[in-house]
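Enquirer: Could you work out the structure for the sequence below:
(2 chains)
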Amino acid sequence: AQSVTQLDSHVSVSEGTPVLLRCNYSSSYSPSLFWYVQHPNKGLQLLLKYTSAATLVKGINGFEAEFKKSETSFHLTKPSAHMSDAAEYFCGGGYNKLIFGAGTRLAVHP
Amino acid sequence: DTGVSQNPRHKITKRGQNVTFRCDPISEHNRLYWYRQTLGQGPEFLTYFQNEAQLEKSRLLSDRFSAERPKGSFSTLEIQRTEQGDSAMYLCASSLAETRTGGGYTQYFGPGTRLTVL
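Expert: Model (predicted):
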């Protein structure tokens, strides 16, 4: 069975500082992992997806994530936060049905 | 816009009433998925179709829920005898099927239908 845990329900950063959103997974097989972002009253938008081609995955809007099998982690990072990054972020995995974490709400302060 | 569309965007109903939601996927996508998202939680899988065939249903999909995709294009999700616990955002997504592994390619989500049951 596959499960996903997002370690922080809320993260607050200042504009221009780095962002780190943490995600651990458990899977009995090689996972397909992803990060989606959801702005208020909007659907989910794919940020990036890991499919075993490379452990460091670059996504949209300057985000990237590193797959670390030894740590069963897939943390999302961005070097410099922007006000428009404030949103809910979901880590997840799966091939057919997707399994999502509970989400991390990112707040960005001026 | 050629993304996934959902209608209505908002639905308010009284307990016991039936409601139906519609999802129009990206036109070339043969897979269509339904998820439910309650406040403060990630989306939970409900069911998915490949073309018109319903391939998997979650245990979350009680007997009051039914989904169809009659011509392999748009899909409807009906909830009969709504309960207050059905209040949630219902999300639809679509993708292509990956023939090599049997899995799915990236799922693209619609804006969702927010259901409020009074």
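Enquirer: Near chain A, which residues of chain B are found?
Expert: B:4, B:33, B:35, B:40-45, B:48, B:55-56, B:58, B:91, B:93, B:98, B:101-104, B:106-112, B:114 (C-beta under 8 Å from any C-beta of the partner chain). All C-beta spots, glycine's among them, are computed from the backbone N, C-alpha and C.
Enquirer: just the buried members of the residues you listed?
Expert: Among these, those buried by neighbour count (16 or more other C-beta atoms under 10 Å in any protein chain shown) are B:4, B:33, B:35, B:42-45, B:48, B:58, B:91, B:93, B:104, B:107-112, B:114.
Enquirer: Spatially nearest residue to residue B:23 (excluding sequence neighbours)?
Expert: residue B:92 (3.4 Å; C-beta to C-beta, 6 or more residues apart in numbering or on different chains).
Enquirer: Please tell me how far that neighbour sits from residue A:78.
Expert: Per C-beta to C-beta, to the nearest Å, residue B:92 is found 29 Å from residue A:78.
Enquirer: Contact partners for residue A:42?
Expert: Residue A:42 makes contact with B:111-112, according to C-beta atoms under 8 Å, 6 or more residues apart in numbering or on different chains.
Enquirer: Phi, psi for the most centrally placed residue in chain B please.
Expert: For chain B, residue B:34 is the residue whose C-alpha lies nearest the centre (C-alpha atoms, centre = their mean; 2.7 Å). Dihedral angles of residue B:34 (phi, psi; degrees, to the nearest 10) stand at phi -120, psi 140.
Enquirer: Dig out what it forms beta bridges with.
Expert: Using DSSP bridges, the beta-bridge partners of residue B:34 come out as residue B:47, residue B:92.
Enquirer: Surely it is in contact with residue B:75?
Expert: Yes: when contacts are counted by C-beta atoms under 8 Å, residue B:34 is listed as touching residue B:75 (7.3 Å).
Enquirer: what about residue B:92 and residue A:78, which has more around it?
Expert: Higher neighbour count among residue B:92 and residue A:78: residue B:92, with 29 against 21, using other C-beta atoms under 10 Å in any protein chain shown.
Enquirer: What's the separation between residue A:9 and chain B?
Expert: 8 Å (C-beta to the nearest C-beta, to the nearest Å).
Enquirer: I meant to write residue A:8 there.
Expert: When distance is defined by C-beta to the nearest C-beta, residue A:8 is 14 Å away from chain B.
Enquirer: got the contact list for that residue?
Expert: A:21-22, A:104.
Enquirer: Could you report the neighbour count for residue 59?
Expert: In the absence of a named chain, this looks at chain A. Neighbours of residue A:59 under the rule other C-beta under 10 Å: 17.
Enquirer: nope, chain B
Expert: 6.
Enquirer: contact partners of whichever strand or helix holds residue A:75?
Expert: If you go by DSSP states H and E, residue A:75 is part of strand A:73-78. Contact partners of strand A:73-78, identified using C-beta under 8 Å, 6+ apart, comprise A:18-25, A:33, A:35, A:47-48, A:50, A:61-68, A:85, A:89, A:91.
Enquirer: are any of those buried, and which?
Expert: A:19, A:21-25, A:33, A:35, A:47-48, A:50, A:63-65, A:67, A:85, A:89, A:91.
Enquirer: ok, now how distant is residue A:21 from residue B:90?
Expert: With C-beta to C-beta as the criterion, residue A:21 and residue B:90 are 26 Å apart.
Enquirer: Now residue A:72: phi and psi?
Expert: With angles defined as degrees, to the nearest 10, residue A:72 sits at phi 40, psi 50.
Enquirer: can you check residue A:60 too?
Expert: phi -80, psi 160.
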